[in-house]
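[1] from the sequence below, what's the structure:
(chains A and B)
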Number of protein chains: 2
Amino acid sequence: MTVKITIDCMGGDHGPAVTVPAAVNFVRSHPDAHLLLVGIEPAIRAQLKKSKAVDEPRLTVVPASEVVAMDDPVEVALRRKKDSSMRVALNLVKEGEAQTCISAGNTGALMAVSRYVLKTLAGIERPAIAFAMPSQRGYTTVLDLGANVDCEPQHLLQFAEMGHALVSAIEGRERPTIGLLNIGEEVIKGNETIKRAGELLRASTLNFYGNVEGNDIYKGTTDVVVCDGFVGNVALKTSEGLAKMLTDMIKEEFGRSFATKLMALVAMPVLKRFKRRVDPAQYNGAALLGLRGLVIKSHGSAEAYGFEWAIKRGYDAVKNGVLERLVRAMDENAAPMRQAALEAGRANGITGSDAVQPLQDGVAASRTNPPPPGEPGAALPSKA
Amino acid sequence: MTVKITIDCMGGDHGPAVTVPAAVNFVRSHPDAHLLLVGIEPAIRAQLKKSKAVDEPRLTVVPASEVVAMDDPVEVALRRKKDSSMRVALNLVKEGEAQTCISAGNTGALMAVSRYVLKTLAGIERPAIAFAMPSQRGYTTVLDLGANVDCEPQHLLQFAEMGHALVSAIEGRERPTIGLLNIGEEVIKGNETIKRAGELLRASTLNFYGNVEGNDIYKGTTDVVVCDGFVGNVALKTSEGLAKMLTDMIKEEFGRSFATKLMALVAMPVLKRFKRRVDPAQYNGAALLGLRGLVIKSHGSAEAYGFEWAIKRGYDAVKNGVLERLVRAMDENAAPMRQAALEAGRANGITGSDAVQPLQDGVAASRTNPPPPGEPGAALPSKA
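    Numbers count the residues shown, from 1 in each chain, chains lettered A, B, ... in the order given. Have a look, this model is predicted:
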């Protein structure tokens, strides 16, 4: 099976100068991949020429006349730039021309346009950004990492459902464990939202471990860690800052004098291995979950090597049938989970805006016309 | 001048087995320090004997018959255990018998008992936990790290005022820069609370830099970073987890084979320097700010070496007159800052619970009877 991937070539801080060479490298090392390069045609062709890949049959250029800038407000991306590389790339996924879209564009715009073009899955009110962070026991999938700054308890429950589906699809675990990010036992345990989310999770059929703390992400205490997008984003960015400071400190210590430089030379094989393990470039590519299509967000500042990793994540997700499994899991589990959650909410006197809400808007629309679960391409309806 | 410090010897995971040896070591290396060891007398004396310090004249045992357990609810610590080592130690500060109190006890209980015994400073509704985190440019003082899970905009403004006073006292900077922890430019910039806090900060006389992100803590973009206790606690714990994973990885890489162990031997001087710089033990001791007395919270799991660092932080704070300066700064700045904030709030239509509130409870009480600013021991009134 050919894996068809659309690349929003204009996204990110560097645009085609990064996205095109990454696509060329990727397609050369993956014989079953076909990449659709979306964006300003001359800019893309110039980069293809530079990379000596003008005649590569598995790279197709798809013209788009507009570019979503990194600082464009969501409304501009959504309502004014209807022929942006981002929008055209996502449309290709919607129309079934590709199975995933990779973009390094502005997160807010990417989330909004994805949601508009692809719609959300049944039972999901808000898509989330998920990422597998390295841990002492493998990986911890954390969501949300910044799509939703204010979350209600039921949104955290939905993130848990999505995290469950993602990890069971990719890592093949039957019942991945779910942790709710909270603060230490010794302090008042979290705010009202967190406490209520805990009640919903306990009442669900998920394998809920309980509260976890920030350090549990790296300990690997649970397979999935759920949090609101504000907290998740701070945890992620803080980690990036600390990792950079520590690796810079190692460099600094080894660069201090002639003697220490000699030591670095001797220890080079070990230092290289370490550097490879912590290299942030390979931890690039977060999944936008909860949509009726697979979208991977790359870091805006990624270089070609890092962007290639983001393409790889989309490719792996397609190969593992992540979307189909997500759709199936949501369809199978959504009803009993929501029922349990609803009852828990009632039993605990959760009402009003905190109660489990009836489905709305795009969700409701997609519910009235659900794709046949399990069928290939089921989640990519030609009309939404 | 003798620096008098009370130690809650029963606090923490290890109690006197850690706190007493740390106190002994500290007093031996600080000839102007006098430590009051509070707790179950026989337990403390047994440890003093073990440390061969029974006759040390600058270590005084102060008996207390009860112990606040690490999992005691706040109410138990506050209302039932009135002769706890924590409470007695804090009372000594209140009565002017000591200038600071060090405890590794349960954070929630320590905060509640401190607040009850010492009261808050004029203009401060909620005390916060502050810590100087290492950065690429020195230190970044971050608050709150877990005392307040739900904050209103004016609380974040008060944290900024306290951070300003602390950093200007300890680091001697006239106008330290203040950052408001937020999420990336490219996503919707924060929730309503953060946006309003930003407005209050802009309207204040503080040196407000603007929004910062998680990685700015380690970059050292600003001198102070302000956030609510939930987010701050997650950032701190996540950092601890990542630092542990990375240092474990270095160990693992160097321990992989005979050859790599040889390399480690060669690189030992550098690795040792690095280890010393990142050693978490030395980053122990957070200040409870906003109280009419100096309280330092040690990690519950700290070993003797780490606990000694917490004592050192209390000692340094006393030497630098942190409390007196905080009192003075709050008295001088509180009125114009709050006025400006109030006006900003009005101009932006902030009303109800989000508006700058009239002072309440302990704050109001302490306001009616402010200590003469600048006088030694001014902030340690014998009656509150």
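
[2] wait, what's in contact with the closest residue to A:Arg173 other than its chain neighbours?
    Spatial nearest neighbour of A:Arg173, excluding adjacent residues (Cβ to Cβ, 6 or more residues apart in numbering or on different chains): A:Val167 at 6.0 Å. Glycine gets a C-beta too; all of them are placed from N, C-alpha and C. Contacts of A:Val167 were listed using Cβ atoms under 8 Å, 6 or more residues apart in numbering or on different chains, and they are A:Thr141, A:Arg173, A:Pro176, A:Asp223, A:Val224.

[3] for A:Arg273, same thing?
    Taking Cβ under 8 Å, 6+ apart, one finds B:Glu253 in contact with A:Arg273.

[4] tell me the SS of it?
    helix (DSSP: H, G, I helix; E, B strand; the rest coil).

[5] next one: A:Ala165
    Going by three-state DSSP: A:Ala165 is helix.

[6] distance of it from B:Asn215?
    A:Ala165 sits 30 Å away from B:Asn215, going by Cβ to Cβ, to the nearest Å.

[7] more neighbours: those two, which one.
    Higher neighbour count among A:Ala165 and B:Asn215: A:Ala165, with 25 against 19, using other Cβ atoms under 10 Å in any protein chain shown.

[8] a markdown table for the contacts of A:Val167, including secondary structure?
    Formatted as a markdown table, the contacts of A:Val167 follow (three-state DSSP):
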| residue | secondary structure |
| --- | --- |
| A:Thr141 | strand |
| A:Arg173 | coil |
| A:Pro176 | coil |
| A:Asp223 | coil |
| A:Val224 | strand |
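
[9] top of those by neighbour count?
    The most crowded member of the contacts of A:Val167, judged by other Cβ under 10 Å, is A:Val224 (31 neighbours).

[10] right, and it touches A:Leu156 too?
    No: using Cβ atoms under 8 Å, A:Val224 is not in contact with A:Leu156, being 11.5 Å away.

[11] now the common contact residues for these two.
    What both A:Val224 and A:Leu156 touch, as defined by Cβ under 8 Å, 6+ apart, is an empty set.

[12] rewinding a little: reformat the contacts of A:Val167 as JSON lines; add pLDDT.
    What follows is the contacts of A:Val167, written out as JSON lines (pLDDT from 0 to 100):
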{"residue": "A:Thr141", "pLDDT": "95"}
{"residue": "A:Arg173", "pLDDT": "82"}
{"residue": "A:Pro176", "pLDDT": "95"}
{"residue": "A:Asp223", "pLDDT": "96"}
{"residue": "A:Val224", "pLDDT": "97"}
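
[13] looking at these, which is nearest B:Leu291?
    For the contacts of A:Val167, the closest approach to B:Leu291 (Cβ to Cβ) belongs to A:Val224, at 39.1 Å.

[14] now the helices for the stretch 1-150 of chain A?
    Per DSSP state H, counting those that start in this stretch, the stretch 1-150 of chain A carries helices over the ranges A:16-29, A:41-50, A:74-75, A:85-94, A:107-118.

[15] chain B: which of these is closest?
    Between chain B and those, the shortest separation by Cβ to the nearest Cβ is 4.9 Å, and it involves helix A:107-118.

[16] what is the mean pLDDT for the closest one?
    The pLDDT scores in helix A:107-118 average 93.

[17] which residues sit against it?
    Helix A:107-118 has contacts (Cβ under 8 Å, 6+ apart) with A:11, A:68, A:72-74, A:76-78, A:84, A:86-87, A:90-91, A:93-94, A:101, A:103, A:127, A:129, A:146-147, A:288, A:291-293, A:295, A:297, A:362, A:384, B:184, B:186-188.

[18] list the buried residues of that helix.
    A:Thr107, A:Gly108, A:Ala109, A:Leu110, A:Met111, A:Ala112, A:Val113, A:Ser114, A:Arg115, A:Val117, A:Leu118 (16 or more other Cβ atoms under 10 Å in any protein chain shown).

[19] contacts only, for A:His30.
    The neighbourhood of A:His30, defined by Cβ under 8 Å, 6+ apart, consists of A:Val3, A:Tyr315.

[20] if I look at it, how far off is chain B?
    29 Å (Cβ to the nearest Cβ, to the nearest Å).

[21] mind checking the SS state of A:Leu323?
    helix.

[22] verify the stated contact: it with A:Ala317.
    Yes: under the criterion of Cβ under 8 Å, A:Leu323 makes contact with A:Ala317 at 7.4 Å.

[23] so for those two, which residues contact both of them?
    Going by Cβ under 8 Å, 6+ apart, residues that sit against A:Leu323 and also against A:Ala317 are A:Leu294.

[24] just checking, A:Gly232 touches A:Gly146?
    Yes: counting by Cβ under 8 Å, A:Gly232 touches A:Gly146, with 6.4 Å between them.

[25] overlap in contacts, the two.
    Joint contacts of A:Gly232 and A:Gly146 (Cβ under 8 Å, 6+ apart) are A:Ile129.

[26] surely A:Val266 touches B:Thr260?
    No: applying Cβ under 8 Å as the test, A:Val266 and B:Thr260 come out as separate, 10.6 Å apart.

[27] ok, back up a step: could you report the separation of the residue nearest to A:Arg173 from A:Asp223?
    5 Å.

[28] and stretch A:28-43, which residues are buried?
    Those buried within stretch A:28-43 under the rule 16+ other Cβ under 10 Å are A:His30, A:Ala33, A:Leu35, A:Leu36, A:Leu37, A:Val38, A:Gly39, A:Ile40, A:Ala43.

[29] mind checking which of the residues you listed are in strands?
    Members of the buried residues of stretch A:28-43 lying in strands (criterion: DSSP state E): A:Ala33, A:Leu35, A:Leu36, A:Leu37, A:Val38, A:Gly39.

[30] pLDDT added to these, as a markdown table?
    Shown next, in a markdown table, are these (pLDDT from 0 to 100):
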| residue | pLDDT |
| --- | --- |
| A:Ala33 | 97 |
| A:Leu35 | 97 |
| A:Leu36 | 97 |
| A:Leu37 | 97 |
| A:Val38 | 97 |
| A:Gly39 | 97 |
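
[31] can you narrow those residues to ones near chain B?
    Among these, no residue sits close to chain B (Cβ under 8 Å from any Cβ of the partner chain).
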